[in-house]
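Novice: All I have is the shape, not the residue letters:
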């Protein structure tokens with residue numbers, strides 16, 4: 001009996017290897033003993049070894065290495081260890097692949113509803129067991145070939161993966177993308193379904209966050225578990241992944257518990273839960289985070305911070321957080337760059353501890369943007385960092401110079417993370433009680449790659465080229481903060497809030513929120529951001545936001561901008577984080593001389609004219625009333641990975657029209673939001689999906705009830721540009737019908 005033979009040989013490894021190879025050749029397909037849940041295939045034709053292993057419910061991890069190399073568990077990975085009942089253990093059966101069809105079915109591993117096989121031709125295939133749907137199949141055998149890098153660190157390989165395209169398949173996730181100089185082929189209006197988008201860079205840039213995970217309408221999730229720089233593209237003929245530098249192929253695939261047409265719960269929810277189980281769950285943010293966040297580029301001294309907070313409170317508007325933007329470390333007395341000291345110079349910030357305490361007494365938190373991934377040569381912390389080898393290396397082996405005169409820490413080095421955090425703790429935390437972080441520029445920016453990170457730097461004491469791990473640097477910044485203040489047993493485990501410009505797969509487990517970078521104040525950017533945010537949240541990022549109104553080139557006196565910022569506020573109130581930021585053109589507030597610390601144009605809600613201010617106040621009051629509901633969504637997202645803001649198809653997976661709607665979203669399970677995304681629009685077409693009998697859609701502003709128990713309906717709503725109607729937009733609550 002094959003089961004007895006396999007089980008008995010597991011106790012004698014040398015015999016097991018020989019016997020299992022023979023068994024594979026004779027029996028062709030194996031039902032694996034439950035104690036193993038893995039297998040290794042030696043493919044002499046491709047000169048590779050492939051390892052398949054169970055990795056969570058209905059999930060399989062697949063790795064491949066050139067022959068003679070070992071599978072590595074000591075590399076940067078998005079995956080966390082799976083639960084024991086869904087993981088590989090013990091000796092993996094080993095097979096020599098025979099490239100001949102007459103030998104029958106290929107070596108196969110089944111885990112729950114997912115089957116992975118290495119075909120007789122060497123290609124990997126992943127199949128959903130319950131309905132025999134082929135989810136992924138390699139078009140050709142993966143290529144793992146030696147490569148030459150800059151700097152020329154030997155021993156690395158390039159990787160090319162190509163999967164067969166499936167007609168009609170829709171692809172979501174892949175992080176956050178917009179039309180930018182380094183992604184010029186991206187559609188001007190943005191896109192939700194990523195199928196058909198030309199090559200996306202696997203590299204962190206301002207506004208470009210590649211999270212290498214996709215969720216497919218076929219019912220699978222695919223994670224490219226490699227932090228290499230590279231490129232990805234899903235088109236009508238092939239799905240391509242290219243990595244510049246690897247030591248092994250490493251992918252993870254999951255499918256649903258059930259089959260299409262028989263889903264008891266949303267297939268998208270099943271996939272999201274599998275993904276966060278595999279890469280880590282986010283924490284629940286504190287209650288204050290669900291409120292309004294105020295920011296601009298930039299508040300330059302302590303009095304400006306306090307004046308703005310009182311400006312809101314005096315107008316009867318609640319504010320939860322105000323943010324100190326970058327260059328707060330510069331001391332105008334002597335023009336000294338103290339980046340890395342992790343303190344606020346007294347010239348502009350005479351009493352930071354008193355400021356933090358005064359704000360807390362008003363119910364307001366304070367966040368700072370310290371660029372703590374870098375240290376300047378004029379900092380008191382630089383010499384020790386350089387002497388201890390804690391800095392990334394440039395192409396000539398010297399310290400890597402990033403943005404604003406800062407030299408970049410090698411945060412893949414645990415000692416560097418501990419050192420950088422220790423400085424933050426000694427300064428901002430211990431001296432001021434300040435522990436909320438805006439992690440701007442954490443790609444890190446300022447290098448030679450279009451102003452972003454440099455692709456010719458090296459990390460891990462010069463052993464790892466940026467091409468090998470550069471995509472994960474943002475996550476190392478997140479990890480540094482988490483290890484310092486947010487991990488179990490740390491002081492701020494329940495109040496560990498960080499807002500980053502970039503991220504990588506698994507960043508959510510460190511409590512990292514993400515905002516969408518330096519957008520422009522245009523209607524095109526607004527449209528791009530709406531779709532980018534949905535994909536970013538489908539990529540595992542729980543807490544996401546934008547710069548309401550766009551970051552740059554907004555004129556507070558321009559009627560077009562005033563219309564845009566109202567519409568952006570209306571959508572922003574239904575994002576996980578509700579945050580205003582930007583660098584504006586227009587008057588300053590309060591008026592008067594800037595002084596030695598400087599002052600920039602106003603970006604407070606009273607800066608945009610009376611009519612816009614009234615409309616914005618109304619939407620801020622709406623968000624304030626929703627905060628208990630928002631906290632419920634934070635908890636659900638942390639437990640189940642459910643995106644707080646999500647496309648319609650997530651909740652209405654069996655509604656044909658909901659599958660293709662790209663300009664509406666659900667905010668939690670109860671609110672359908674259709675923001676006004678078009679300049680000058682006085683009406684908005686909305687699709688309301690089918691609901692069960694006795695459940696209806698109710699317009700939260702007009703109270704009009706829409707019954708859709710007989711099928712989804714298309715309606716048109718008025719979206720006035722002036723008067724009381726300017727404060728309204730299409731939002732509907734799903735609720736039980738009352739008589």
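Specialist: Received it, and whenever you're ready, just let me know what you need. Model, not experiment: these values are computed from the prediction.
Novice: So which residue is dead centre in the chain?
Specialist: residue 541 (4.2 Å; Cα atoms, centre = their mean).
Novice: Quick check, that one in contact with residue 213.
Specialist: No - in terms of Cβ atoms under 8 Å, residue 541 does not count as a neighbour of residue 213; the distance is 10.5 Å. Any C-beta I mention is one placed from the backbone N, CA and C, and that applies to glycine too.
Novice: what separates residue 490 from residue 428, distance-wise?
Specialist: 15 Å (Cβ to Cβ, to the nearest Å).
Novice: Which one's more surrounded, those two?
Specialist: Neighbours per residue (other Cβ atoms under 10 Å) separate residue 490 from residue 428, with residue 428 holding more: 23 against 13.
Novice: Quick one: classify that one as helix, strand or coil.
Specialist: helix (DSSP: H, G, I helix; E, B strand; the rest coil).
Novice: Skip the chain neighbours and tell me the closest residue to it.
Specialist: Among residues not flanking residue 428 along the chain, residue 434 sits closest, at 4.4 Å (Cβ to Cβ, 6 or more residues apart in numbering).
Novice: May I have the secondary structure class of the residue nearest to the centre of the chain?
Specialist: coil.
Novice: got the contact list for it?
Specialist: Taking Cβ atoms under 8 Å, 6 or more residues apart in numbering, we find residue 541 in contact with 211, 503, 507-508, 512-514.
Novice: mind listing what's buried in stretch 371-387?
Specialist: Neighbour counts using 16 or more other Cβ atoms under 10 Å place 371-376, 379, 381-382, 385 of stretch 371-387 among the buried residues.
Novice: Give me the phi and psi angles of residue 358.
Specialist: Per-residue torsions, residue 358: phi -60, psi -40 (degrees, to the nearest 10).
Novice: burial count for it?
Specialist: 16.
Novice: mind checking how far it is from residue 736?
Specialist: 46 Å.
Novice: how about the helices in the stretch 551-700 of the chain?
Specialist: 559-572, 610-640, 648-651 (DSSP state H, counting those that start in this stretch).
Novice: Could you export those as TSV, including mean neighbour count and mean pLDDT?
Specialist: Listed next are these as TSV, based on neighbours: other Cβ atoms under 10 Å; pLDDT from 0 to 100:
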stretch	mean neighbour count	mean pLDDT
helix 559-572	23	98
helix 610-640	18	98
helix 648-651	24	98
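Novice: got JSON lines for those helices, with distance to residue 717 too?
Specialist: Shown next, in JSON lines, are those (distance: least, Cβ to Cβ, whole Å):
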{"stretch": "helix 559-572", "distance to residue 717": "13"}
{"stretch": "helix 610-640", "distance to residue 717": "16"}
{"stretch": "helix 648-651", "distance to residue 717": "16"}
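Novice: Of the ones you listed, give the one that comes closest to residue 238.
Specialist: Nearest to residue 238 among the helices of the stretch 551-700 of the chain is helix 648-651 (24.4 Å), distances taken as Cβ to Cβ.
Novice: what separates that closest one from the chain centre, distance-wise?
Specialist: The chain centroid and the centroid of helix 648-651 are separated by 19 Å under Cα atoms, centre = their mean, to the nearest Å.
Novice: Equivalent analysis for stretch 615-629, please.
Specialist: The chain centre lies 26 Å from the centre of stretch 615-629; the measure is Cα atoms, centre = their mean.
Novice: same question, stretch 571-587
Specialist: Worked out by Cα atoms, centre = their mean, stretch 571-587 lies 20 Å from the chain centre.
Novice: try stretch 153-168
Specialist: Relative to its chain's centre, stretch 153-168 lies at 22 Å (Cα atoms, centre = their mean).
Novice: first to last residue in that stretch, what's the distance?
Specialist: Distance across stretch 153-168, first residue to last, is 42 Å (Cα to Cα, to the nearest Å).
Novice: Could you measure from the spatially closest residue to residue 432 that is not a sequence neighbour over to residue 316?
Specialist: For residue 432, ignoring the flanking residues on the chain, the nearest one in space by Cβ to Cβ, 6+ apart is residue 352 at 4.2 Å. Shown here: residue 352 relative to residue 316, a distance of 28 Å by Cβ to Cβ.
Novice: Neighbour count for the two, which is higher?
Specialist: residue 352 (23 against 8).
Novice: Just give me the neighbour total for residue 157.
Specialist: When neighbours are counted by other Cβ under 10 Å, residue 157 registers 21.
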